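Colleague: Have a look at this prediction, sequence included:
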Amino acid sequence: MKRSLEKDELRIILNNISEQLQDYRNINRGGCCLFACLIAYQLDKRKIPYDVIIEYPSNSEEEIYEEVNSGTNYLEIHHIFLKVKRKYYYDSDGVRRSWHKDIIKVKLNSKDLGMLYAKGNWNPMFKESVSHKDLIKIKNVIKTEFKKYDKKIKNSL
């Protein structure tokens, strides 16, 4: 019983986050790495498995790891998102069962994603269009929804 509740509750929480952040459409235009980082951080805290997915990869997996470790800024990233529990894909638009085939899976964690976002120069639209106040709101929505998830899981035991 707990397993199915957990799966359902996580999907609900992720979709709630997406719904609440609909006004920030530029998340998927330069902020997808930050969004993936913030969600991955919450998943890391709960030991929920996920994969980092890069859409339309312009770089090899090795080049991506080199970027994370070296601090250079040569990556071209079209879109970064997560595959949660190795079952469904998730970005700021919500949960999906499938994605097209032109993707690669990379072994990165939330800290790595944070480094990529901080160094990334692939699309400044998000950084220019989102204020510090907006970033705090985005982070708080994610934090609040995951607290709801924790409470629902705890109450189901």
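Modeller: Received the coordinates, thanks.
Colleague: longest single helix anywhere in the protein?
Modeller: Here the longest helix in the chain is taken by residue count, with DSSP state H as the criterion, and it is helix 132-156.
Colleague: and I104, that's in a helix?
Modeller: No: counting by DSSP: H, G, I helix; E, B strand; the rest coil, I104 is located in no helix; its state is strand.
Colleague: Quick check: the gap between it and F126.
Modeller: Distance of I104 to F126, computed by CB to CB, to the nearest Å: 22 Å. In this view, the C-beta of every residue, glycine as well, is placed from N, C-alpha and C.
Colleague: and if you look at L108?
Modeller: 19 Å.
Colleague: How about V68?
Modeller: V68 sits at a distance of 19 Å from F126 (criterion: CB to CB).
Colleague: Kindly report the same for N69.
Modeller: Counting by CB to CB, the gap from N69 to F126 is 24 Å.
Colleague: what's the neighbour count on S129?
Modeller: Here the count is done by other CB atoms under 10 Å, and S129 has 14 residues near it.
Colleague: Same question for E55.
Modeller: Once other CB under 10 Å is used to define contacts, E55 is seen to have 17 neighbours.
Colleague: so who does it touch?
Modeller: Taking CB atoms under 8 Å, 6 or more residues apart in numbering as the contact definition, E55 lies against 78-81, 99-100, 102-103.
Colleague: biggest separation within those residues, which pair?
Modeller: The distance between the two most remote of these (CB to CB) is 15.0 Å, for I80 and H100.
Colleague: Could you check which of the two has the larger neighbour count?
Modeller: Counting neighbours by other CB under 10 Å for I80 and for H100 shows that I80 has the greater number, 27 against 7.
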